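**Student:** Quick one, structure for this:
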Amino acid sequence: MPESVYPAATRELADKRRALAPETEKAFQALTRQVFADGALPSKIKQLIAVAVAHVTECPYCIRGHTKTALRQGATEQEIMEAVWVAVEMRAGGAHAHTAVSLAAMDEVEGSQPS
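**Tutor:** As a prediction, the model looks like this:
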């Protein structure tokens with residue numbers, strides 16, 4: 001990620017994170033392995049969900065990592081792009097749904113007039 005506010009994900013940073021909280025890091029890795037294991041949903045589908053969620057949460061590390069893992073799990077580029085479009089729709093849908101908050105606030109302000 002050149003010219004980014006996000007530092008490159010390096011082995012050194014991972015080692016430092018692990019050294020500063022080894023038990024928490026170990027628990028997090030165990031959770032990750034369990035969550036992405038085949039279950040009612042196959043791992044590939046879980047990775048496609050993760051790609052979509054990563055786009056909504058805007059985590060560049062997650063986007064990169066889960067995209068690569070989804071490909072390794074057998075996802076196609078088209079499946080990944082469809083998952084991303086689902087995320088785009090949901091993000092836009094969230095913004096659309098939250099207009100209710102603005103509309104209610106407009107009603108609460110005395111003297112607000114429709115333009």
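**Student:** Run through who's touching the host helix or strand of Ala27.
**Tutor:** Using DSSP states H and E, Ala27 maps to helix 22-35. With contacts defined as CB atoms under 8 Å, 6 or more residues apart in numbering, helix 22-35 is touched by 17-18, 46. For the C-beta atoms, the positions are set from N, CA and C on the backbone; glycine is no exception.
**Student:** for that helix, the distance to its chain's centre please.
**Tutor:** What separates the centre of helix 22-35 from the centre of its chain is 18 Å, taken as CA atoms, centre = their mean, to the nearest Å.
**Student:** can you tell me the average pLDDT over it?
**Tutor:** Helix 22-35 carries an average pLDDT of 97.
**Student:** follow-up on the earlier one: looking at neighbours, which among the contacts of helix 22-35 is most surrounded?
**Tutor:** Lys46 (20 neighbours; other CB atoms under 10 Å).
**Student:** need the contact list for the residue nearest to it when sequence neighbours are not counted.
**Tutor:** Spatial nearest neighbour of Lys46, excluding adjacent residues (CB to CB, 6 or more residues apart in numbering): Phe36 at 5.3 Å. Going by CB under 8 Å, 6+ apart, Phe36 touches 43, 46-47, 50, 69.
**Student:** Not counting the helix ranked longest in the chain itself, show me its contacts.
**Tutor:** In the chain, with assignment by DSSP state H, the single longest helix is helix 77-97. For helix 77-97, contacts defined as CB under 8 Å, 6+ apart pick out 48-49, 51-53, 55-56, 67, 70-71.
**Student:** Now do the buried residues in that helix.
**Tutor:** If you call a residue buried by 16 or more other CB atoms under 10 Å, then helix 77-97 has these buried ones: 79-80, 83-84, 86-87.
**Student:** ok now it, how far from the chain's centre?
**Tutor:** 11 Å.
**Student:** any low-confidence regions in this protein?
**Tutor:** Along the chain, segments meeting pLDDT under 70 span 1-3, 114-115.
**Student:** secondary structure class for Tyr6?
**Tutor:** coil (DSSP: H, G, I helix; E, B strand; the rest coil).
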